[in-house]
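Asker: quick one, fold the following:
(chains A and B)
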Amino acid sequence: MAATVEELLAKAEKDEAEKLKSIRVKKELELEFDLGNLLASDRNAVNLRDFRAQKKEDYLRALARDNTQLLVNELWKMPSERVEGVVVAKLPEPTTRLPREKPVPKPRPPTKWEQFAKLKGIQKKKKTNLVWDEAHKEWRRRWGYKRANDNTKDWLVEVPETADPDEDQFAKRAHAKRERVAKNELNRLRNIARAHKLKVPGAAAAAPSRNELARAEQVAKVSTASVGKFQERLPKEKAPRNRGKKRAFQPNIGDFSTERQQQLELLKVIASKKPRMDVTKAVNKQMREEDMEAASKKRKGAGRKGRKGGSAPRGKAKGKAKAKGQGPPAGKSRQVRKGLGKR
Amino acid sequence: MRPLTEEETKTMFEKLSKYIGENIKLLVDRPDGTYCFRLHKDRVYYVSEKILKLATNISRDKLVSLGTCFGKFTKTHKFRLHITALDFLAPYAKFKVWVKPGAEQSFLYGNHILKSGLGRITENTEQYQGVVVYSMADVPLGFGVAAKSTQVCRRVDPMSIVVFHQADVGEYIRSEETLT
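Answerer: Have a look, this model is predicted:
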């Protein structure tokens, strides 16, 4: 039994030593700790021989274990407190400077007033914080709670001569104040919207474009009882074109003589368009003359036979004329010859 | 009621000249009074100045007719000559056609004139020339268009059409409602 007890004790001692051994880590160079970020930097060179000798995973794991042990040792050195039954170490401020997570923000664009002030060269005037209040005989702040010259605390407000006697001046003041506040708020929001390039509701939508204005002007001009005929015009504005009647007829009882003249002119034009010479007639006449010559020649030549021959060419000529013209018109010679002409 | 525009006057004169040729100026320029053409509801009226001035006192929807209706303009602005113009065309007609008594009735009923009904025809009538149709007693019956020229007329068979019917005095009874 004693042996076992001794053995136990010895074992316990050995275990203790091992524990301590595991807690204590030997390093050539001390680690750099940034406890605020829970960071431990190990600058010791890697033992290449060991690295290559055993499995790399195992080596790295052992290295990580050692370094973590050292970090935890450091943490235990920090002042601790109990929060809700748990021991918590109070970490110091982090010493490592971390880089930016997001890009540098752009400077916000100047507001309307700032633009205007820059344009005009208006400088900001530094104002005193406190103002002398005569009524209370003390220094009071310029604006805000218990301010100097507070007109909301007036118990009497004179009604100005030009105002309606039944009007409530106090209510008027309060109303004006509310309006100013609302206006300021609106401008502030507008500045923000402009800075973020958001759409401002109402303002831009109301303003019509140049084309829209021109169209509206046109429509308005014509939208009168006499359809824009008797509208007053600006000094250099041109009279509107005739947009009403597209066709204008002559008056019913106009000048009869001029009407007559025009019609006679028109008749002259129509007459001139018609050809003076009837082409078919001329052609037929020409052909008839040729036939007659031929006939007379034959007659002279063949005597009696010539007569028969004379009649044939006549028929032929008639046929030819028919073919060429639209119909054989009767010429003077024809009438004389045939004597068949119906009158 | 309004005067005719240039276009309308031209169309109408061209149509009239088919029947009376250059005698239109005798209609336009009359020694015995100022006569003019007026358009009312697409119909052309030939009216004296005096009557015209009286007619202006009647409202457009109530005015039915004034003077003599020569014809009307169709939807496609072509001019159609009515029988009511016959009184003015007949004395100035250039080309005339006389119709036999037997064929008179046929013509007055609206049929074309056949060669068998043809009595006389003016010499030199061309084909499709506007002609005025007379009875053998020189009574104007209407007008038409020559289907064949005079020469051809002589030689065709008796059953062929020689004059196309355009208007006849029988229309006064037949189309009483549409004539104004």
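Asker: report the buried residues of the host helix or strand of A:Lys281.
Answerer: Per DSSP states H and E: A:Lys281 is located in helix A:279-302. With burial defined by 16 or more other CB atoms under 10 Å in any protein chain shown, the residues of helix A:279-302 counted as buried are A:280-281, A:284-285, A:287-288, A:291-292, A:294-295, A:298-299. C-beta here means a position set from N, CA and C on the backbone, and glycine is covered the same way.
Asker: got it, and stretch B:169-178?
Answerer: B:169-171.
Asker: closest to chain A among those?
Answerer: B:Val169 (24.7 Å; CB to the nearest CB).
Asker: so that closest one makes contact with B:Thr84?
Answerer: No: applying CB atoms under 8 Å, one finds B:Val169 not in contact with B:Thr84, separated by 10.0 Å.
Asker: just the helices from the chain, written as ranges.
Answerer: Picking chain A for this. A:2-23, A:48-53, A:56-77, A:112-120, A:169-195, A:203-206, A:210-222, A:256-273, A:279-302, A:304-324, A:332-338 (DSSP state H).
Asker: not what I meant, chain B
Answerer: Counting by DSSP H, the helices of chain B are B:6-20, B:24-28, B:49-55, B:86-89, B:101-108, B:150-155, B:171-174.
Asker: tell me which helix or strand of chain B sits lowest on mean pLDDT?
Answerer: helix B:150-155 (a mean of 88; mean pLDDT, DSSP states H and E).
Asker: residue of chain B closest to chain A, please.
Answerer: B:Ser149 (4.0 Å).
Asker: and the helix holding A:Lys281, how far out from the chain middle?
Answerer: With CA atoms, centre = their mean, to the nearest Å as the basis, helix A:279-302 stands 89 Å off its chain's centre.
Asker: list the residues that contact B:Gly34.
Answerer: Careful, residue B:34 is Thr and not Gly. A:256, A:260, B:48-49 (CB atoms under 8 Å, 6 or more residues apart in numbering or on different chains).
Asker: for the stretch 1-150 of chain A, what are the low-confidence residue spans?
Answerer: A:1-2, A:19-21 (pLDDT under 70).
Asker: next one: A:Glu259 relative to chain B, how far apart?
Answerer: 6 Å (CB to the nearest CB, to the nearest Å).
Asker: residues contacting that residue?
Answerer: With CB under 8 Å, 6+ apart, A:Glu259 has these contacts: A:250, B:3, B:36.
Asker: where does the residue nearest to the second one when sequence neighbours are not counted land on pLDDT?
Answerer: In other words, B:Pro3. Nearest residue to B:Pro3, sequence neighbours excluded (CB to CB, 6 or more residues apart in numbering or on different chains): A:Gln250, at 4.6 Å. Reported pLDDT at A:Gln250 in the predicted model: 88.
Asker: next one: A:Val159
Answerer: In this model, A:Val159 carries a pLDDT of 92.
Asker: could you do A:Arg307 as well?
Answerer: The model's pLDDT for A:Arg307 equals 56.
Asker: how many other residues sit next to A:Thr95?
Answerer: Counted with other CB atoms under 10 Å in any protein chain shown, residues neighbouring A:Thr95 total 12.
Asker: next one: it from A:Asp42, what distance?
Answerer: Applying CB to CB, to the nearest Å, the value for A:Thr95 to A:Asp42 is 16 Å.
Asker: burial of the closest residue to A:Tyr59 other than its chain neighbours, as a residue count?
Answerer: When the adjacent residues along the chain are set aside, A:Tyr59 lies closest to A:Phe51, with 5.4 Å between them (CB to CB, 6+ apart). Burial of A:Phe51 is recorded as 13 neighbouring residues (other CB under 10 Å).
Asker: same check, this time on the one 3 residues further on
Answerer: Other residues within reach of A:Gln54, judged by other CB under 10 Å, total 10.
Asker: got phi/psi on it?
Answerer: A:Gln54 adopts backbone torsions of phi -90, psi -180, taken as degrees, to the nearest 10.
Asker: ditto for A:Asp164
Answerer: Dihedral angles for A:Asp164 - degrees, to the nearest 10 - are phi -70, psi 130.
Asker: what sits against the residue nearest to B:Pro3?
Answerer: Counting by CB under 8 Å, 6+ apart, A:Gln250 has contacts A:259, B:2-3.
Asker: closest one of these to A:Val25?
Answerer: B:Arg2 (121.2 Å; CB to CB).
Asker: hang on, that closest one packs against B:Leu39?
Answerer: Yes: applying CB under 8 Å, one finds B:Arg2 in contact with B:Leu39, separated by 5.6 Å.
Asker: show me which of those two is the more surrounded one.
Answerer: Shown here are B:Arg2 and B:Leu39; by other CB under 10 Å, B:Leu39 has more neighbours (19 against 12).
Asker: on that earlier part again, and the least confident of the buried residues of helix A:279-302?
Answerer: A:Thr280 (73).
Asker: how far away is the residue of chain B closest to chain A from A:Ala216?
Answerer: 70 Å.
Asker: ok, those two, which is more surrounded?
Answerer: Each of B:Ser149 and A:Ala216 has its neighbours counted (other CB under 10 Å); B:Ser149 has more, 23 against 11.
Asker: just checking, the more buried one touches B:Glu123?
Answerer: No: in this structure B:Ser149 lies outside contact range of B:Glu123 using CB under 8 Å: 10.2 Å.
Asker: what sits closest to A:Asp50 if chain neighbours are left out?
Answerer: A:Tyr59 is the one closest to A:Asp50 (CB to CB, 6+ apart), at 6.2 Å.
Asker: tally of neighbours for the nearest residue to B:Phe88 once chain neighbours are set aside?
Answerer: The shortest distance from B:Phe88 to any non-neighbouring residue, by CB to CB, 6+ apart, is to B:Leu27 (6.3 Å). B:Leu27 has 20 neighbouring residues, counting by other CB under 10 Å.
Asker: ok, now which ones touch B:Leu27?
Answerer: Contacts of B:Leu27 by CB under 8 Å, 6+ apart are B:16, B:20, B:35, B:46, B:88, B:92.
Asker: near chain A, which residues of chain B?
Answerer: Within chain B, the positions lying close to chain A (CB under 8 Å from any CB of the partner chain) are B:1-3, B:5-6, B:9-10, B:13-14, B:17, B:22, B:24-25, B:28-29, B:34, B:36, B:38, B:49, B:52-53, B:56, B:120-124, B:126-127, B:148-152, B:154.
Asker: select only the buried ones of the residues you listed in ChimeraX?
Answerer: To isolate the buried members of the residues of chain B next to chain A in ChimeraX, using 16+ other CB under 10 Å:
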select /B:1,3,9,10,13,17,24,25,28,36,38,52,121,122,124,126,127,148,149,150,151,152,154
